[in-house]
Every structure is written in C-alpha cells, then in structure tokens.
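**Q** One predicted model, sequence on top.
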Amino acid sequence: MAEVAPEIETKFDVAPDFAVPPLDALAGKHGHVDVDVVHLVSTYYDTEARDLLRQRLALRRRLGDADTGWQLKVPASEGRTELRWPPEGDEPPIEMLDLLGPFLRGHPLHPAVTVDTTRTRHRLVAEDGSMLAEIAADDVRAIDEGGGVRAPRWHEVEVELGEGSRDLLQEVGKRLLHAGACPSTSRSKLARASVGIGNEGVGTPRTSAGALLLDYLNTQADAIVAGHFAIHRDADDAVHKTRVACRRTRSTLRTFGDFFDADQASGFEVELKWYAEVLGNVRDAEVLRARFKAAVADLPADLAVGDVGQRIDKHLEAEHAQRMEELRVAMRSERYAALLAEIGRWREDPPFTAAAGRPAEALQEVVVRMAKQKGLLCSFAIAGDKAEIGIDGPLAVTRYALKYGLALAHFFPALVLTPEWSITRTAASNVSAIADAGSTSAASRPSGPAAERRATGPAEVPRYAASAPIHAIPSRLTTHATVRTYGTPPQ
C-alpha cells in the first residue's frame, strides 16, 4: 500500500544569488533552524501525449540523499497529496499503474524529464523536536529525456508546512518576499521544465470571462481527479466531494451556456451527469445510513424494540456496499476513462464562444439573472399543494441551481455579491433541508402492495423554512450586486 502524505507549500521565484533571511525567531523561544544541503535526482514519467501533466498529475522516481522513492503527486483542495512507494525497480509499482489506468488508457509511460536539484534545506525545529516547516532553496537543472525542456535551469524556494500553523507559512512567505523573492509563476518543477518560465498563467490577472471560467473548471477538474485516488483508498467524504465537483461543473456549463459551444457542452454534461448519478447512489446510501442510525439512537428505550437498530444498519450497510461496488465497476469502465480524457481536453482547449472574451463583469449579469429566476421557481414550487420531490422536480432543480450556481459565483475573485450572500446561502441551505426531508421520509416508508394501497401521495415536507429568504433574493441581489476586479470572496 502507498504511503499518503498531504503536502501544503508555497513557491517563490528567486535570483541565483538569493539568500534565505534569518528565520530562527519563527522556530519559537527554544527552537532552532537546522541547515543542510542535499542532492536530489527526480525522473518524471508521462505518456507521449502528456496525459498525466494535462491532469496536473506528476509521476516521478526520486533518487539521492533524501525523500527517495516512486512518488505520485495528486491535486488536493489545499496543496497536493503525495502517494509514495519504495524506490526499488526500474518500472513504476503495479499498484501505481492500476491507479493510473483510466488516465493512461493503455498508452505506455516513458521518461520525460529528469530534474537535478541541489537543495539547501532550512528546517524550523520546535523545542519538542517537531519540524514546523522546511524552507528549501533549490538550484534546479532540467534534462530532456524525450518530453522536451523549455526551462533548462532556474532557482526557486519552496516552503513546505510541517507541524506548524498556516500563520507560520504566511510569516515565512512575508520574510522571503521582503528579502527579494517573488511569488512563483509555476505550479511544479515538471510544469516549468515542460512549458517554460511564465507560461502557465499562474499569478497573472484574470480579467476576461473565459479566464475566470477556465480557472473554476480547472478547480472542479482537480477535485474530480483527486477524488479518483481518494475513493480508491476509501478516504472520508471522497464520494461527496467528487460528486459536488461534477455538479458544479454541470452547473457552470448550464449557467454560462452562452460562453461554451452548445454541442460540446451538452455531450460533456451528459457524461458528468452519468458519473454524478453513480456517485450519488453511494452518497445517498451513506447519508441514509447515518441519519437512520442517529434517529434510532435518539429513540426512547421503550420504543427501540430488540435489535431494530442493528437490523436497519445491517440492511443499509449492505445497500452501501452494493452501491460502492457499482461505483468501482464504473471507474474501471471505458466510459469513465473517456470522461477523464474529456476533462483533460476541456482543461487544455475549452470550447469557448466569442462571449468568453468579454470582461469578467459579464459573468455577474448571468449570475444575478439566474438567482432571480431560480429564486422565483423555488417560491412557486414551495407555495404549491405539494413540494415536488425528485431528481428532476422543480425543488431539486432549484436546490442545485442555487447551491452550485452561487458557489461558482462565490469562487470568482472578480465577482463578489456583498451582504446578500448570507441570504442566498440561507435560501440554498433551507431548500436542501426540505428536499432531504422528503428523501428521508420516502426511504422510511413501508414497501409492498399493502403499503402502496395505504400511500396517500408524496411525502409532506415543511414549506415555511425557505419561503422568506428565497422571496428576498431577486430584488436584493439586483440592488446590492457589485463587482471587484481583485479581492478575496467572503467566507
């Protein structure tokens, strides 16, 4: 089994004569800084078409003085996740190749670039001996192994967080910037060697609608790719996070349909919907099991007869296991591999229309219009005799339009909807509660012919919870929406 190591770091570009400033004070009153020099040789592997690099995956075999082995770097919600295997053998480990199968689709791996690094490590060590952070000043040389090299040599500093806090990471960064470092324009050594310095678009202003949309789609693509590996190792919440990324991508394609080629977006959405539904079956089983378990635990002792809780949990556990097996089968299919390839294609060459060249403010108009339309739709659905619960019912449509459409707008640094975000988030949360209540109620009903004869129709769900904030959305969003070119979205 691979060792899993989260990796949270910041990178800086520096001149060849850059000197790391004194950092002893950041190690604490009785801490210290250990300094040494190590030599590292990392050979990166990829297909001829660069299928791994396109998905922001980096596969390497590292030899040298430290941190040796076969390593696979995977996107994560914060930083990256590194999967590690021992360095033995000239070929990648079988487990690694199995994980990468859907990305490779039978294409052979070849050495692409060898990165030779002389690293001066400054390790902040706390009084108890724990490593708070490592500041690595790297002199990097890239050697072409057949994949092409556009940046043969550069200098950079990486700050990798250990047991320290995020505040420490920021403080080290401030001192490096004051000493003359600059925020890096590269995501990784492999990317810089492959595409050249300054050609990744990292750190450049994102002022067009297309640039912001691509950033957001890439964030969701990273989550789907990360989910592939997290699901295989049964990581907590992996299914849910991957499903959310699929739905956010679909919401983007629908909400901003004028910015994408309609035929290509429609085909992409169909495949995302398929995968989201497979994931959804697992997620629904997880949620139902947790809810029923909690509900039974809350019952008075005289109502929890015998082993009713165990029997319910056993039934739902079996349902979850079946859904997980269906997901694993789907993830071994050619359809899933084709979806991953399509995600990679959209990363590299998104099928934008001319509208994508408009300024970022154009996205605001779309989001405000969507919020107004969906807010009214939800009001009508809730005001009816029955709130229509179902995958394609108006309540469900509104739920996901609000939830993912507004999450998308929240992401954009250039698009900030001021105080009314709290109202909008409350509306989306309440609509979700209504839909979930209906789903749980339906799942708990008796089944069979007798039950069908007794059924009186759709489950009753509370309608009052969302009506006020949802009615408030249309006018307030229109009144208070503002655009900022730079800044941090509200949390």
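**A** Nice, I can see it. Keep in mind that what you see is a predicted model, and the values were worked out from it rather than measured.
**Q** And the pLDDT at the most centrally placed residue in the chain?
**A** Most central in the chain under C-alpha atoms, centre = their mean is Ala223, positioned 2.7 Å from the mean C-alpha point. Here the pLDDT value assigned to Ala223 is 97.
**Q** Relative to Phe259, how far out is Glu160?
**A** 37 Å (C-beta to C-beta, to the nearest Å). Glycine gets a C-beta too; all of them are placed from N, C-alpha and C.
**Q** Who's the closest spatial neighbour of the residue nearest to the centre of the chain, skipping the chain neighbours?
**A** Ala245 (3.6 Å; C-beta to C-beta, 6 or more residues apart in numbering).
**Q** Run through the residues that contact the one you found.
**A** Ala245 is in contact with 220-221, 223-224, 227, counting by C-beta atoms under 8 Å, 6 or more residues apart in numbering.
**Q** possible to save those as CSV with secondary structure and distance to Ala151?
**A** As requested, the contacts of Ala245 are exported to CSV (DSSP: H, G, I helix; E, B strand; the rest coil; distance: C-beta to C-beta, whole Å):
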residue, secondary structure, distance to Ala151
Gln220, helix, 28
Ala221, helix, 24
Ala223, helix, 28
Ile224, helix, 29
Gly227, helix, 31
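**Q** Tell me the one among those residues nearest to Gly344.
**A** Ala221 (8.0 Å; C-beta to C-beta).
**Q** Would you confirm that the closest one contacts Arg345?
**A** No - the criterion here is C-beta atoms under 8 Å, and Ala221 misses it with Arg345 at 10.6 Å.
**Q** what about these two, which has more around it?
**A** Neighbour totals were compared for Ala221 and Arg345, and Ala221 leads with 22 against 14 (other C-beta atoms under 10 Å).
**Q** one step back: quick one: contacts for the residue nearest to the centre of the chain?
**A** Here Ala223 is in contact with 75, 77, 241-242, 244-245 (criterion: C-beta under 8 Å, 6+ apart).
**Q** mind listing which of the residues you listed are in helices?
**A** Among the contacts of Ala223, the members found in helices (DSSP state H) are 241-242, 244-245.
**Q** Selection in PyMOL covering whichever of those are buried, please.
**A** With 16 or more other C-beta atoms under 10 Å as the burial test, the buried ones among those are selected in PyMOL as follows:
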select buried, resi 241+242+244+245
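**Q** Among the ones in helices among the contacts of Ala223, find me the one that's closest to Arg61.
**A** Looking across the ones in helices among the contacts of Ala223 and measuring by C-beta to C-beta, the closest to Arg61 is Thr242, at 28.3 Å.
**Q** And the closest one, how far from Pro87?
**A** Counting by C-beta to C-beta, the gap from Thr242 to Pro87 is 31 Å.
**Q** Same question for Arg311.
**A** 50 Å.
**Q** Also Gln170?
**A** Using C-beta to C-beta, Gln170 is found at 34 Å from Pro87.
**Q** and what of Gly148?
**A** 26 Å.
**Q** And for Met96?
**A** Going from Met96 to Pro87 by C-beta to C-beta gives 12 Å.
**Q** Between those two, which contacts overlap?
**A** Counting by C-beta under 8 Å, 6+ apart, the contacts common to Met96 and Pro87 are Trp70.
**Q** neighbour-wise, which of these two wins?
**A** For Met96 versus Pro87, neighbours defined as other C-beta under 10 Å are more numerous around Met96 (20 against 13).
**Q** Tell me which of Glu160 and Phe259 has more neighbours.
**A** Legend: neighbour count by other C-beta under 10 Å for Glu160 and Phe259, higher for Phe259 (24 against 19).
**Q** wait, what's in contact with that one?
**A** Phe259 touches 209-210, 213, 352-353, 355-356, counting by C-beta under 8 Å, 6+ apart.
**Q** Give me the subset of those residues lying in strands.
**A** Among those, DSSP state E puts none in strands.
**Q** one step back: which of the contacts of Ala223 sits closest to Lys189?
**A** For these, the nearest to Lys189 is Pro75 (15.9 Å; C-beta to C-beta).
**Q** The closest one touches Ala226, doesn't it?
**A** Yes - applying C-beta under 8 Å, one finds Pro75 in contact with Ala226, separated by 4.8 Å.
**Q** residues shared between the contacts of these two?
**A** Joint contacts of Pro75 and Ala226 (C-beta under 8 Å, 6+ apart) are Thr81.
**Q** re earlier: can you list the ones in helices among the contacts of Ala223 in TSV and add distance to Ser251?
**A** As requested, those are exported to TSV (distance: C-beta to C-beta, whole Å):
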residue	distance to Ser251
Lys241	15
Thr242	15
Val244	10
Ala245	11
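**Q** ok, so of the ones in helices among the contacts of Ala223, who is nearest Ile231?
**A** Thr242 (6.6 Å).
**Q** and this structure, what are its domains?
**A** Following automatic domain parsing, one gets these domains for the chain: 3-195, 229-346, 360-491.
**Q** Mind giving me the packing neighbours of the helix ranked longest in the chain?
**A** Longest helix in the chain by number of residues (criterion: DSSP H): helix 262-297. Counting contacts by 3 or more C-beta pairs under 8 Å, 6 or more residues apart in numbering; DSSP states H and E, helix 262-297 packs against helix 238-255, helix 308-331, helix 334-348, helix 421-443.
**Q** Recalculate using a threshold of 10 Å.
**A** helix 209-232, helix 238-255, helix 308-331, helix 334-348, helix 421-443 (3 or more C-beta pairs under 10 Å, 6 or more residues apart in numbering; DSSP states H and E).
**Q** could you dump the ones you listed to a markdown table with distance to Thr47?
**A** Formatted as a markdown table, the helices and strands packed on helix 262-297 follow (distance: least, C-beta to C-beta, whole Å):
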| stretch | distance to Thr47 |
| --- | --- |
| helix 209-232 | 16 |
| helix 238-255 | 24 |
| helix 308-331 | 20 |
| helix 334-348 | 11 |
| helix 421-443 | 41 |
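**Q** ranking those helices by mean pLDDT, which is last?
**A** Among these, helix 421-443 scores lowest, with a mean of 53.
**Q** mind showing which ranges of this protein have poor pLDDT?
**A** Residue ranges of the chain with pLDDT under 70: 199, 201, 203, 304-305, 368, 370-491.
**Q** Tell me how many other residues surround Val74.
**A** Val74, neighbours per other C-beta under 10 Å, totals 22.
**Q** Next, give phi and psi for the residue lying closest to it once chain neighbours are set aside.
**A** In this structure, Val74 finds its nearest non-sequential neighbour in Thr81, 4.7 Å apart by C-beta to C-beta, 6+ apart. Backbone geometry at Thr81, expressed as degrees, to the nearest 10, gives phi -110, psi 130.
**Q** what do you get for Val140?
**A** phi -110, psi 130.
**Q** Over to the one 10 residues further on?
**A** Arg150 adopts backbone torsions of phi -110, psi -10, taken as degrees, to the nearest 10.
**Q** Val33 is in what secondary structure piece?
**A** Assigning secondary structure by DSSP states H and E places Val33 in strand 32-46.
**Q** The nearest residue to Leu52 once chain neighbours are set aside and Asp138: what is the separation?
**A** Spatially, and ignoring its direct neighbours in sequence, Leu52 is nearest to Asp46 (4.7 Å; C-beta to C-beta, 6+ apart). To Asp138, Asp46 is 21 Å away according to C-beta to C-beta.
**Q** again with Glu171
**A** In terms of C-beta to C-beta, Glu171 sits 21 Å off from Asp138.
**Q** Can you say which of the helices and strands packed on helix 262-297 is nearest to Pro108?
**A** helix 334-348 (15.6 Å).
**Q** Thanks again, I'm all set now.
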